[in-house]
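Peer 1: Sequence below, structure please.
(one chain, ligands or ions: 1)
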Amino acid sequence: MVTASAPGKVYLFGEHAVVYGEPAVPCAVERRAEVTVEERTEGLRVHAEDLTLDGFTVEFGNGDHPDVDAPETMVEAGMGYVSEAVAQARDAAGVEEVGFEVSIESAIPLGAGLGSSAAVTVAAIEAATRELGVELDPEEIADRAYRVEHEVQDGQASRADTFCSAMGGAVRVEGDDCRTIDGVDDLPFLIGYDGGAGDTGALVAGVRDLRDEYGFAADTVTAIGDLVREGEDALVDGDLERLGQLMDVNHGLLSALGVSARSLDAMVWAAREAGAHGAKLTGAGGGGCIVALDPTDAPLTALDYTPDCEESFRAALASEGVRVE
Ligand code: PMV
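Peer 2: Now for the predicted structure:
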């Protein structure tokens, strides 16, 4: 039996524009998904606790219909990642006929812009390959996890979430070019969560339509890329003030592309008015989480008093990516 964990992430800059080949800077945060894998003779049995508000257990036999105790959409979402992740592990180990018992515990809200599916996928690949006696380096885990997301999300995934979760720290992703950014010690991230989730596919499609229809929307995507390049310098300099200013601008540009929401705007403004250096939505948008930058707890208190905010918490930069527990 092997347990592995992997961190979630926030987008410091660059979501959506990354889909069009612009650079993005996701940062791993200390909210982890933990996956335990035990080999068994056949089939796949998955038990998930805290994957959303309710846990579920699914048992797959050989060719049987799954025996399920949770709503189907939730199960489909969770199972897709896990069954593709264990398929990657079987492939890496060169074995076909092996079953697994998988348990998932995740402290990362689902579909809320914090990279929950990537963290579960990365941790599952690490735990399942080690259970089969194979040790992969984090880059290979990232690559295999990307293939899982690509498969489950119908080719809509970027490498950002999976690379960041596998490697930890701050990373830079531009198309297939993924690198870690050295010299970033910590960043005082605060998260506000509205309790909901955005529909990533629909939001990405919305930006695509806008970009196809209007030149200025295409320019907005390009402007996000320019902003990310400025942000990288501020990150290396540790200039929180400039990072915050650029986060504010990034949020404005994402709003212009139609991917913010009333709840996200309310949380962004609450954090800013409480003195945060900057605040923006993180991930696909439409609902879910915002990320603010501030070493004090004042924005957390302000978020707690914001009706749209269900939960707020501090999330340090996770310098460690995937690891065996
Ligand atoms: O909501 P998340 O964390 O899955 O992020 C989506 C980010 C997008 O840029 C909108 C899409 C992508 O795959 O990069």
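Peer 1: backbone phi and psi for L110, please?
Peer 2: With angles defined as degrees, to the nearest 10, L110 sits at phi -80, psi 130.
Peer 1: now S103
Peer 2: According to degrees, to the nearest 10, S103 has phi -120, psi 130.
Peer 1: Would you enumerate the residues in contact with it?
Peer 2: By Cβ atoms under 8 Å, 6 or more residues apart in numbering, the residues touching S103 are 35-36, 46-49. Yep, even glycine has a C-beta here, placed from its N, CA and C like the rest.
Peer 1: can you give me the helices for the stretch 1-150 of the chain?
Peer 2: Along the stretch 1-150 of the chain, the stretches classed as helices by DSSP state H, counting those that start in this stretch are 72-93, 116-131, 138-152.
Peer 1: Just say which of those is most tucked in.
Peer 2: Each of the helices of the stretch 1-150 of the chain was scored by mean neighbour count; the highest is helix 116-131, a mean of 30, by mean count of other Cβ atoms under 10 Å.
Peer 1: quick check: angle from it to helix 138-152?
Peer 2: 120 degrees (axes from the mean of the first three to the mean of the last three Cα atoms, to 10 degrees).
Peer 1: near the ligand, anything from helix 116-131?
Peer 2: No. Interface with the ligand: helix 116-131 contributes nothing (Cβ under 6 Å from any ligand atom), its closest point being 7.2 Å away.
Peer 1: For the ligand, give me its nearest residue in the stretch 151-300 of the chain.
Peer 2: Nearest residue of the stretch 151-300 of the chain to the ligand, counting by Cβ to the nearest ligand atom: G283, 2.7 Å away.
Peer 1: Give me the nearest residue to that residue, chain neighbours excluded.
Peer 2: G113 (2.4 Å; Cβ to Cβ, 6 or more residues apart in numbering).
Peer 1: Can you give me the first-to-last residue distance of stretch 102-115?
Peer 2: Start-to-end span of stretch 102-115 (Cα to Cα, to the nearest Å) is 20 Å.
Peer 1: Could you do stretch 148-168 as well?
Peer 2: Termini of stretch 148-168 sit 19 Å apart (Cα to Cα).
Peer 1: quick one: average pLDDT of that stretch?
Peer 2: In this model, stretch 148-168 has a mean pLDDT of 90.
Peer 1: and that stretch, which residues are buried?
Peer 2: Neighbour-count burial for stretch 148-168 flags 148-150, 152-153, 157-168 (criterion: 16 or more other Cβ atoms under 10 Å).
Peer 1: Which members of those residues additionally contact the ligand?
Peer 2: Filtered for proximity to the ligand (Cβ under 6 Å from any ligand atom), the buried residues of stretch 148-168 shrink to 157-158, 160-161.
Peer 1: returning to that earlier point: surely the residue nearest to G283 touches G286?
Peer 2: No. Under the criterion of Cβ atoms under 8 Å, G113 makes no contact with G286, lying 9.2 Å away.
Peer 1: more neighbours, these two?
Peer 2: Between G113 and G286, G113 has the larger neighbour count (other Cβ atoms under 10 Å), namely 29 against 22.
Peer 1: before we move on, back to that, intersection of neighbour lists for G113 and G286?
Peer 2: With Cβ under 8 Å, 6+ apart, G113 and G286 have common neighbours G198.
Peer 1: Please compute how far whatever helix or strand F216 lives in lies from its chain's middle.
Peer 2: Assigned by DSSP states H and E, F216 belongs to helix 215-237. Helix 215-237 sits 20 Å away from the centroid of its parent chain (Cα atoms, centre = their mean, to the nearest Å).
Peer 1: residue contacts, the residue of the stretch 151-300 of the chain closest to the ligand?
Peer 2: Here G283 is in contact with 10-11, 15, 112-115, 198, 200, 289 (Cβ under 8 Å, 6+ apart).
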